[in-house]
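Q: fold the following and give me the result.
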Amino acid sequence: MKILILFGFAVCFVAGQDFDCPEKSGFYADPYQCDLYYKCTKGKAEARLCPDGLVFADENPNKELCDIPSNVDCGDRKELQEPKPSKGCPRQNGYFKHPDPQACDKFYFCSDGIPNEHPCPPGLFFDEETSNCDWKDVVQRQCDKVTKGKTCPDGEVQGPNGRALPHPTFPHPEDCQKFYICRNGVQPQKGSCPSGKVYNEDTFMCDDAEKVPGCENYYEGQPLEKNKLPKKA
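A: Okay, here's the model as predicted:
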């Protein structure tokens, strides 16, 4: 690890010597490496490196900002520092797909090499290119097992107000917290209620466990977790 740190410092030092600063002081991107940038002061360049997994946002030379790659257009700056992976994290920071190839509705948010598992909102899959959750046909990931054995019924499904539901939902046959969304009435997708809630097939919504017959004791003895998406780095 010490060798890697010293090597990275040496690379930054050499890069800083080779970079020609603009006349105006500020923060400027390296022309080749997206996570390498320079602090220019009176024509003198000091090389700096974003944390592993983040890249330099070069829109404003007055701002020193490293962000996730999906928020930055690196253009021709294709190179990156050597990754520093840890268990569950391909790089130290960022949003990454779940290691289980069939868990498309979950993702890992890594901060300083520590992975945190998070679920997508019901019916959505994680898209690593955008670091967001989106519809299955937009993400285009093969996750057939999440809806294996489930088909959508023929015809319209009426909601509590008597109107046809464009994306009707149905309870999971074995798990009170889970349900299925039939997108456009024909394409089944897996969904899950937030921790502490269960699916209520009478209201087509997630509800308190004690309000759903047969699911009253679903969370008994289980620690509740916060199922909220983290803010982007």
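
Q: quick one: the nearest residue to Leu124 once chain neighbours are set aside and Lys106, what's the gap?
A: Spatial nearest neighbour of Leu124, chain neighbours left out: Cys133 (3.9 Å); criterion: Cβ to Cβ, 6 or more residues apart in numbering. Placement of C-beta: from N, CA and C, glycine included. Distance, Cys133 to Lys106, by Cβ to Cβ, to the nearest Å: 10 Å.

Q: could you do Ser25 as well?
A: With Cβ to Cβ as the criterion, Ser25 and Lys106 are 44 Å apart.

Q: more neighbours, these two?
A: Remark: of Ser25 and Lys106, Lys106 carries more neighbours, 18 against 15, as counted by other Cβ atoms under 10 Å.

Q: so for Cys133 and Lys106, which residues contact both of them?
A: Among the neighbours of Cys133, those also in contact with Lys106 (Cβ atoms under 8 Å, 6 or more residues apart in numbering) are 120, 126.

Q: could you chop the protein up by domain?
A: Domain segmentation of the chain under automatic domain parsing yields 2-71, 94-211.

Q: what about these, which gets the closest to Glu79?
A: When the domains of the chain are compared by Cβ to Cβ, domain 2-71 sits nearest Glu79, at 4.2 Å.

Q: give the rounded mean pLDDT of that closest one.
A: Average pLDDT, domain 2-71: 85.

Q: C-terminal to the helix or strand that contains Cys133, what's the next element?
A: Using DSSP states H and E, Cys133 sits in strand 132-134. Following strand 132-134 in sequence order, the next helix or strand is helix 136-139 (DSSP H and E).

Q: can you pull the buried residues of stretch 69-76?
A: 69, 72, 74 (16 or more other Cβ atoms under 10 Å).

Q: neighbours around Leu165, how many?
A: With other Cβ under 10 Å as criterion, Leu165 counts 15.

Q: please read the previous query as pertaining to Ser111.
A: Look at Ser111: counted by other Cβ under 10 Å, it has 15 neighbours.

Q: how much space separates the residue nearest to it when sequence neighbours are not counted from Asp112?
A: Leaving aside its chain neighbours, Ser111 sits nearest to Asn93 (6.0 Å; criterion: Cβ to Cβ, 6+ apart). Separation of Asn93 from Asp112 (Cβ to Cβ) stands at 7 Å.

Q: and these two? which has more neighbours close in?
A: Neighbours were counted for Asn93 and for Asp112 using other Cβ under 10 Å; Asn93 has more, 21 against 11.

Q: surely that one and Pro115 touch.
A: No - assessed by Cβ atoms under 8 Å, Asn93 is found out of contact with Pro115, at 10.9 Å.

Q: what about the residue nearest to Ser111, distance to Cys120?
A: With Cβ to Cβ as the criterion, Asn93 and Cys120 are 20 Å apart.

Q: setting the sequence-adjacent residues aside, check what's closest to Tyr219.
A: Per Cβ to Cβ, 6+ apart, closest to Tyr219 is Ala209, 5.7 Å.
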